[in-house]
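In: this is the structure alone, sequence omitted:
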């Protein structure tokens, strides 16, 4: 396994979780909440790509 891909996936998950926990508190203004939701979606896409790379790496070995 590529350790950097694993670490990247973990970091993305942590970032997404932090954003979601902050959004659940409802402390940010609405426009900031929308920006954070958009960032969370981008991070989810990056995480999906990273997981696909991990899957491809694992299947090649």
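Out: Done, it's in. All figures in this text were calculated on a predicted structure; none of them were measured in a lab. Residues are numbered from 1 along each chain as shown.
In: quick one: list the elements packing against the host helix or strand of residue 50.
Out: Per DSSP states H and E: residue 50 is located in helix 30-60. Other elements packing on helix 30-60 under the criterion 3 or more CB pairs under 8 Å, 6 or more residues apart in numbering; DSSP states H and E are helix 3-25. Every residue, glycine included, has its C-beta placed from N, CA and C.
In: ok, and what's touching the helix it packs on?
Out: For helix 3-25, contacts defined as CB atoms under 8 Å, 6 or more residues apart in numbering pick out 28, 33, 36-37, 39-40, 43-44, 46-47, 50-51, 53-54, 57.
In: switch the cut-off to 10 Å
Out: With contacts defined as CB atoms under 10 Å, 6 or more residues apart in numbering, helix 3-25 is touched by 2, 28, 32-33, 36-37, 39-58.
In: show me what counts as buried in the helix holding residue 50.
Out: Residues of helix 30-60 classed as buried by neighbour count (16 or more other CB atoms under 10 Å): 36, 40, 43, 47, 50, 54.
In: as JSON lines, those with pLDDT and distance to residue 23 would be great.
Out: What follows is the buried residues of helix 30-60, written out as JSON lines (pLDDT from 0 to 100; distance: CB to CB, whole Å):
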{"residue": "36", "pLDDT": "97", "distance to residue 23": "6"}
{"residue": "40", "pLDDT": "98", "distance to residue 23": "8"}
{"residue": "43", "pLDDT": "98", "distance to residue 23": "13"}
{"residue": "47", "pLDDT": "98", "distance to residue 23": "17"}
{"residue": "50", "pLDDT": "96", "distance to residue 23": "22"}
{"residue": "54", "pLDDT": "92", "distance to residue 23": "27"}
